[in-house]
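# Next one to model:
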Amino acid sequence: MLAGAVAGAASLLVAAAPGAVAGSEGEGRRGAPDPAPAGPQRPAEATVTGPENVDDLQVSVARAGSPSGVEVTFDRTSRTADGAPVPAAARRFVFLFDEKLRFNPSAFPTCSREMVDTHGVEACPAGSRVGSAQASYPDGSQVSAVAVNSRVAGRAGVVLAFPSTGVVLEQTLEPVSAPYQGRYRWALDELLPPTSTPPQDRPGTTRFVITFGAVTSAGERPVSYVESTDPRGVHRFGLWSEFVTGQVLVPTDRAVPRR
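Okay, the predicted model is just below:
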């Protein structure tokens with residue numbers, strides 16, 4: 001907890017480069033503080049020189065599963081301010097969910113990171129899948145992922161497995177901190193750990209689309225992984241993004257659940 005608090009305090013002192021494109025709400029903030037400082041900490045890695053990213057976010061919400069259930073899709077696109085073909089790679093993504101949204105991970109089976117690493121995501125229990133994703137790169141290649149309900153660092157979370165590449169990422173479900181409270185309630189905090197490739201040589205994604213949503217049953221009652229207290233109202237979303245260059249962006253969007 002102390003390390004998380006220190007990291008959050010330090011982020012208040014770091015000026016983020018501009019570059020978030022306005023969605024239907026607001027624009028990227030300079031020096032945007034860490035929305036989930038109490039989560040797991042990424043191993044330290046030197047900041048490098050690289051392009052300034054310009055990100056856009058579109059979010060869609062579909063009614064699904066239980067009467068209050070929804071599926072939420074984040075669609076992030078990224079380009080560079082100077083027209084360079086390859087955006088800077090990310091260190092971390094924090095998906096921010098409207099305060100009206102609730103998660104029900106305890107209603108779903110879990111699949112451990114160890115299971116995915118050892119036997120593959122196809123060995124996970126039936127019903128543990130709670131989402132999917134697809135990443136697109138500047139060379140035109142795409143990789144798909146499966147999101148399974150899990151326990152990460154002793155808390156509720158998601159394991160995101162890319163079967164074609166063997167890459168496995170982890171997300172933890174975190175309550176948001178000030179000043180995000182009152183607009184958002186929960187965040188899914190994803191760390192992209194350092195690799196053997198130098199950070200300046202890692203390609204950033206030009207597009208990343210991820211959907212969170214699934215349905216199970218409790219007795220005869222359907223239960224959705226994500227539920228809303230106002231499934232007909234406007235919902236707000238954000239994507240706090242930190243890159244290997246030290247740039248921080250927070251593009252935002254609003255969406256009304258559709259049938």
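# Identify the bridge partners of residue 248.
Beta-bridge partners for residue 248, by DSSP bridges, are residue 242.
# what separates it from residue 33, distance-wise?
Going from residue 248 to residue 33 by C-beta to C-beta, to the nearest Å gives 9 Å. For every residue, glycine as well, the C-beta is placed using N, CA and C.
# Report the helix or strand with the lowest average pLDDT across this structure.
The helix or strand of the chain with the poorest confidence is helix 2-11; it has a mean of 32 (mean pLDDT, DSSP states H and E).
# so what's the residue nearest the centre of the chain up against?
Central residue of the chain (C-alpha atoms, centre = their mean): residue 95, 3.9 Å from the mean position. Contacts for residue 95 (C-beta atoms under 8 Å, 6 or more residues apart in numbering) come out as 74, 171, 187-190, 210, 212, 237, 239.
# element containing residue 115?
helix 113-119 (DSSP states H and E).
# Alpha carbons of that helix, as CSV, please.
Coordinates of each C-alpha in helix 113-119 appear next as CSV, following Å, rounded to 0.1, in the frame of the first residue of the first chain:
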residue,chain,number,x,y,z
ARG,A,113,-2.2,-17.4,-14.6
GLU,A,114,-0.4,-20.7,-13.9
MET,A,115,-3.1,-22.7,-15.7
VAL,A,116,-2.9,-20.4,-18.7
ASP,A,117,0.9,-20.5,-18.8
THR,A,118,1.1,-24.3,-18.4
HIS,A,119,-1.9,-25.6,-20.3
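# can you tell me the average pLDDT over whichever strand or helix holds residue 59?
Assessed by DSSP H and E, residue 59 sits inside strand 53-63. For strand 53-63, mean pLDDT is 98.
# Distance from the chain centre to that strand, please.
11 Å (C-alpha atoms, centre = their mean, to the nearest Å).
# go on, stretch 45-57?
Distance, centroid of stretch 45-57 to centroid of chain: 17 Å (C-alpha atoms, centre = their mean).
# do the same with stretch 80-97
13 Å.
# circling back: what helices or strands is the helix holding residue 115 leaning on?
strand 142-152, strand 155-162, strand 167-175 (3 or more C-beta pairs under 8 Å, 6 or more residues apart in numbering; DSSP states H and E).
# Give me the buried positions along that helix.
113, 115-116 (16 or more other C-beta atoms under 10 Å).
# which residues pair with residue 252 across the strands?
On the basis of DSSP bridges, residue 252 is bridged to residue 238.
# surely residue 80 meets residue 55?
No. Between residue 80 and residue 55 there is no contact under C-beta atoms under 8 Å: 10.4 Å.
# Find the residue ranges of this protein scoring beneath the pLDDT cut-off.
Scanning the chain for pLDDT under 70 picks out 1-31.
# mind listing what residue 176 touches?
If you count contacts by C-beta under 8 Å, 6+ apart, then residue 176 has 35-36, 96, 184-187 around it.
# Kindly report the same for residue 106.
Contacts of residue 106 by C-beta under 8 Å, 6+ apart are residue 156.
# Doesn't it lie inside a strand?
No. Applying DSSP: H, G, I helix; E, B strand; the rest coil, one finds residue 106 to be helix, outside a strand.
# separation between it and residue 43?
Residue 106 is 30 Å from residue 43, by C-beta to C-beta.
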